[in-house]
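K.L.:
just to be clear, the model below is a prediction. Sequence and coordinates:
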Amino acid sequence: GENVEQHPSTLSVQEGDSAVIKCTYSDSASNYFPWYKQELGKGPQLIIDIRSNVGEKKDQRIAVTLNKTAKHFSLHITETQPEDSAVYFCAARGDSGYSTLTFGKGTMLLVSP
Amino acid sequence: ETGVTQSPTHLIKTRGQQVTLRCSSQSGHNTVSWYQQALGQGPQFIFQYYREEENGRGNFPPRFSGLQFPNYSSELNVNALELDDSALYLCASSLTSGAGELFFGEGSRLTVL
């Protein structure tokens, strides 16, 4: 089955800096890669996603890149703010015909004022 | 448009007991998935229901079972609870099976003593 590796496990930055989180996946049939933000005591919230026919996608301060050949994808957050502090999960979905996501283990992002 | 809602938010059970968790999917969504999130880990897929039928299952024993109702709401049942079942149980809905974004509820925090 699919295996998703995510790193780093924790990331501390100063407000205004950029943050990058990287993930690799094992199943070359995977074609959908969402990123979720989870705040303490809450469920994961979808923040951005990318499909395998696209190499990059941006939404304001957030961008995701995908390298299908290398089977890795990354989340980039620019001009970080304290409210960006949370746990971020990458995930991958294959071509199974159902919606199963395989998640990475998460990255705790701490943005210091 | 209402989001995914789950109940109860917290509950405590003892080993050997049974538990039922409930989920109302987002309006217009016919597919519901359940995930288990242990502390410090990413969510793990339990199973998915599409139009009242289970159409995908992760690596969980048969004592994890579910239902989906005609209004697309869903239940997760766990029998013979074990200490390792302590986790956040997340329900996610999507527009249809195998495609589209997954939207998560806030989860039900189960503690097994």
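P.N.:
All right, it came through fine. The model shown is predicted, which means the values in this text are computed figures rather than measured ones.
K.L.:
name the element A:Leu66 belongs to?
P.N.:
strand A:62-67 (DSSP states H and E).
K.L.:
for that strand, buried residues please.
P.N.:
Using 16 or more other CB atoms under 10 Å in any protein chain shown as the test for burial, strand A:62-67 gives A:62-66. For the C-beta atoms, the positions are set from N, CA and C on the backbone; glycine is no exception.
K.L.:
got these as TSV, with distance to chain B and pLDDT columns?
P.N.:
Shown next, in TSV, are the buried residues of strand A:62-67 (distance: CB to the nearest CB, whole Å; pLDDT from 0 to 100):
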residue	distance to chain B	pLDDT
A:Ile62	15	98
A:Ala63	18	97
A:Val64	14	98
A:Thr65	19	97
A:Leu66	16	96
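K.L.:
in chain B, what residue lies closest to chain A?
P.N.:
B:Gly42 (3.2 Å; CB to the nearest CB).
K.L.:
what strands flank the lowest-mean-pLDDT helix or strand in chain B, and is each parallel or antiparallel?
P.N.:
Across the helices and strands of chain B, mean confidence by mean pLDDT, DSSP states H and E is lowest for strand B:53-57: a mean of 90. The strands beside strand B:53-57 in its sheet (DSSP bridges) come out as strand B:44-50 (antiparallel).
K.L.:
still on that earlier bit, residues contacting the residue of chain B closest to chain A?
P.N.:
Counting by CB atoms under 8 Å, 6 or more residues apart in numbering or on different chains, B:Gly42 touches A:4, A:6, A:89, A:91, A:103-106.
K.L.:
sec struct for it, please.
P.N.:
With DSSP: H, G, I helix; E, B strand; the rest coil as the basis, B:Gly42 sits in coil.
K.L.:
just give the closest residue to it, not the sequence neighbours.
P.N.:
Distance criterion CB to CB, 6 or more residues apart in numbering or on different chains; nearest residue to B:Gly42, sequence neighbours excluded, is A:Phe103 at 3.2 Å.
K.L.:
torsion angles phi and psi at B:Asp85?
P.N.:
phi -80, psi -10 (degrees, to the nearest 10).
K.L.:
apart from its neighbours in sequence, what residue is nearest it?
P.N.:
B:Val112 (5.2 Å).
K.L.:
so how far is A:Ile50 from the one you found?
P.N.:
Counting by CB to CB, to the nearest Å, the separation of B:Val112 from A:Ile50 is 38 Å.
K.L.:
for the contacts of B:Gly42, give me TSV that also has distance to B:Pro8.
P.N.:
Converted to TSV, the contacts of B:Gly42 look like this (distance: CB to CB, whole Å):
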residue	distance to B:Pro8
A:Val4	30
A:Gln6	30
A:Phe89	24
A:Ala91	26
A:Phe103	24
A:Gly104	28
A:Lys105	27
A:Gly106	25
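K.L.:
among those residues, which lie within strands?
P.N.:
Residues of these located in strands (DSSP state E): A:4, A:6, A:89, A:91, A:103.
K.L.:
got the contact list for the fourth one?
P.N.:
In this case it means A:Ala91. A:Ala91 touches A:4, A:33-36, A:101-104, B:42, counting by CB under 8 Å, 6+ apart.
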